[in-house]
Each structure stands twice: as structure tokens, then as C-alpha cells.
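Asks: what's the 3D shape of this:
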Amino acid sequence: MKKLSFTTPTAQKIYNDYFNRVSRCTRTLPEDDQREIMMEVNSHIYEATLAATPQTEVDILVDALESFGAPEVVLQALVADKKVKQATRTFNPRHVIQALYLNISNGVGFVLFGVIYLLIVAFGTLIVFKLIYPQHTGLFIREGHSFAFGFISELPGGLTELLGNWFIPVVAVLMVVFYFLNTLLFRLLKRK
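Replies: Predicted structure coming up:
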């Protein structure tokens, strides 16, 4: 991308500072997406400066940047959307977490995704607890009608652990299922 050049050093500094802010806002995205956003912003500034009434170069640039808005606000939805697309393409946990973080303000759907991710982490913790405290971790049933799943520090009488050695594989399968469910829910939400 060819950056705009200004004759006034002050205008060039304002322009460069603005693009540094745009760069910070988009740094979590792949380079192609970053470049695309930078080109869009640059194009907007160029068109705004061409359409401006004759003023000083600094005034024209400041007016153009004010009409576009602060990049931290204007680009938030675009960056969040591109991050979700990247997460659904790659299934990379880091990208999924970044997409969750960027989209948490988009509504209840993303809060649900966050809760599912917390469940995945809790299941992983239960696997570790089953290895360390095998008698206190599992799927417990009492008198055929009440049950508990997870870690119980003090076992009351009458509890029977149902899964035994199958607890770890069952929880690992649940983790995988919830992970793919979460990523597929991202795709469904983004189709709307």
C-alpha cells in the first residue's frame, strides 16, 4: 500500500500517527486482512482530502480523520468480524479466544460461546483431578436418583462412582465435542 504524502510536516505526522493507531487495532489479524483494512482507510482519507474545500493541508486532514472517526471505535466491528472468520477457518484455539474477546460485546451469543469455552477448560481440569484424586472425581450417583459430576472434596456415604476408568476418555470426548460445537456456532452466528 502506498501511503499518502503531505507537504506539511505536521500533516504528515498526524497521518502517520493515525495509521499507527490503525495498525495497533488490526495487529491480531493476518497480514492480508491488515493490508486490506489499511488500504480502505487510506482510500477514505484520500477521497476526503480531494473533496475538501480549499483550506490548509492540516485542516483538511484533521477534518477527514474526524469524519472517519477514531480507529479504535470505527474498526472494532470489522476487526472482530475478520477475526471470527479466521477462527472458523483455522480452528486455532488462540484465534477462537481472540475472536471471543473481540466479539463479547456483540451479544448473548458470544457470551454463550465464552461459557462453553469455560466448560472446556473445566473438563480439562477434571481430567487432571481424576489423575490426582481418583476417588473424589467422577460421575457419582446416590440411591439411584441424585447424582454429581466433577470433583467432590468430602464424599458423603452411599455414593457410587459410575464411570471409573472411563471418566477420562468420556470427559476428553466431551471437550472435543464442545470445542467443535463452539466453532460451528461461530459459523452459524456469522451467517446471519
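
Asks: where in this structure is pLDDT low?
Replies: 1, 52-54, 103-108, 189-192 (pLDDT under 70).

Asks: need the helices for it, in chain order.
Replies: Here the chain has its helices, by DSSP state H, at 9-26, 31-51, 57-68, 71-74, 76-90, 93-103, 108-132, 167-191.

Asks: Show me the one of these that comes nearest Phe147.
Replies: helix 167-191 (13.3 Å; Cβ to Cβ). Yep, even glycine has a C-beta here, placed from its N, CA and C like the rest.

Asks: List the buried residues for that closest one?
Replies: Buried residues in helix 167-191, counting neighbours by 16 or more other Cβ atoms under 10 Å, are found at 167-168, 171, 175, 179, 182-183, 185-186, 189.

Asks: ok, back up a step: which among the helices of the chain is found nearest to Lys2?
Replies: helix 31-51 (8.0 Å).

Asks: now the closest one: how far from the chain's centre is it?
Replies: 24 Å (Cα atoms, centre = their mean, to the nearest Å).

Asks: Ok, stretch 163-182 next?
Replies: For stretch 163-182, the distance to the chain centre is 23 Å (Cα atoms, centre = their mean).

Asks: tell me, how many neighbours does the nearest residue to Ile141 once chain neighbours are set aside end up with?
Replies: Leaving aside its sequence neighbours, Ile141 sits nearest to Phe147 (Cβ to Cβ, 6 or more residues apart in numbering; 4.6 Å). For Phe147, the tally of surrounding residues (other Cβ atoms under 10 Å) stands at 12.

Asks: Quick check: Phe147 vs Leu181, distance?
Replies: Distance of Phe147 to Leu181, given as Cβ to Cβ, to the nearest Å: 23 Å.

Asks: Mind splitting the chain into its structural domains?
Replies: 1-74, 80-192 (automatic domain parsing).

Asks: Neighbours of Val74, how many?
Replies: Residues near Val74, counting by other Cβ under 10 Å: 15.

Asks: list the contacts for it?
Replies: Phe68 (Cβ atoms under 8 Å, 6 or more residues apart in numbering).

Asks: okay but Phe91 is in contact with Thr183, surely?
Replies: Yes. The criterion here is Cβ atoms under 8 Å, and Phe91 meets it with Thr183 at 5.7 Å.

Asks: hmm, back to that, out of the buried residues of helix 167-191, which is nearest to Ala99?
Replies: Looking across the buried residues of helix 167-191 and measuring by Cβ to Cβ, the closest to Ala99 is Phe186, at 6.9 Å.

Asks: For Phe123, see how far away the closest residue to Ala122 other than its chain neighbours is.
Replies: Nearest in space to Ala122, with sequence neighbours left out and distances taken as Cβ to Cβ, 6+ apart, is Gly150 at 8.0 Å. Counting by Cβ to Cβ, the separation of Gly150 from Phe123 is 9 Å.

Asks: Have a look at the two and say which one is more surrounded.
Replies: The residue with more neighbours, out of Gly150 and Phe123, is Phe123; 20 against 16, by other Cβ under 10 Å.

Asks: where's that one relative to Leu155, distance?
Replies: 21 Å.
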